[in-house]
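one predicted model, sequence on top.
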Amino acid sequence: MFKFRETELGLWRWSFIFRDQTLAHEEGFPSEGKAKAAAMVFARDVGVALKKMPASG
């Protein structure tokens, strides 16, 4: 699950949290919208990497 919060006045952070553990984060975005856009790029890149992984069987 993605969470977004303002860390300082005018600075935003996105975090990817799974089972109460932060697995990835990035901060320093000037708006919540920019943080959300960056999080979506991260999610897209994870999806691409998963498709490139060899299938286990």
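On my side now, so go ahead.

could you use CA atoms for every contact and neighbour count after this?
Fine.

what's near enough to touch the residue nearest the centre of the chain?
Among the residues of the chain, the one closest to the centroid is residue 39, at 3.7 Å (CA atoms, centre = their mean). Contacts here follow CA atoms under 8 Å, 6 or more residues apart in numbering; on that basis residue 39 touches 2, 14-15.

which of the residues you listed has the most neighbours?
For those, the largest number of neighbours (other CA atoms under 10 Å) sits with residue 14, at 24 neighbours.

just checking, that residue is part of a strand?
Yes. Using DSSP: H, G, I helix; E, B strand; the rest coil, the secondary structure at residue 14 is a strand.

per-residue confidence at residue 56?
Per-residue confidence (pLDDT) for residue 56: 74.

show me the shaky parts of the protein.
Filtered on pLDDT under 70, the chain yields the residue ranges 57.

now the helices for it?
Ranges of helices in the chain, per DSSP state H, are 32-52.

does residue 13 touch residue 30 like I think?
No. Counting by CA atoms under 8 Å, residue 13 sits too far from residue 30 to count as a contact (9.3 Å).

so for these two, which sits in the more crowded spot?
In terms of neighbours (other CA under 10 Å), residue 13 is the more surrounded of residue 13 and residue 30; the figures are 23 against 14.

what sits against the residue lying closest to the more buried one once chain neighbours are set aside?
Counting by CA to CA, 6 or more residues apart in numbering, the nearest residue to residue 13 once its immediate chain neighbours are dropped is residue 27, at 4.0 Å. By CA under 8 Å, 6+ apart, residue 27 lies in contact with 11-14, 35.

these: which two are farthest apart?
With distances taken as CA to CA, the most widely separated pair in the contacts of residue 27 is 11 and 14, at 10.5 Å.

okay but residue 24 is in contact with residue 13, surely?
No. In terms of CA under 8 Å, residue 24 does not count as a neighbour of residue 13; the distance is 10.7 Å.
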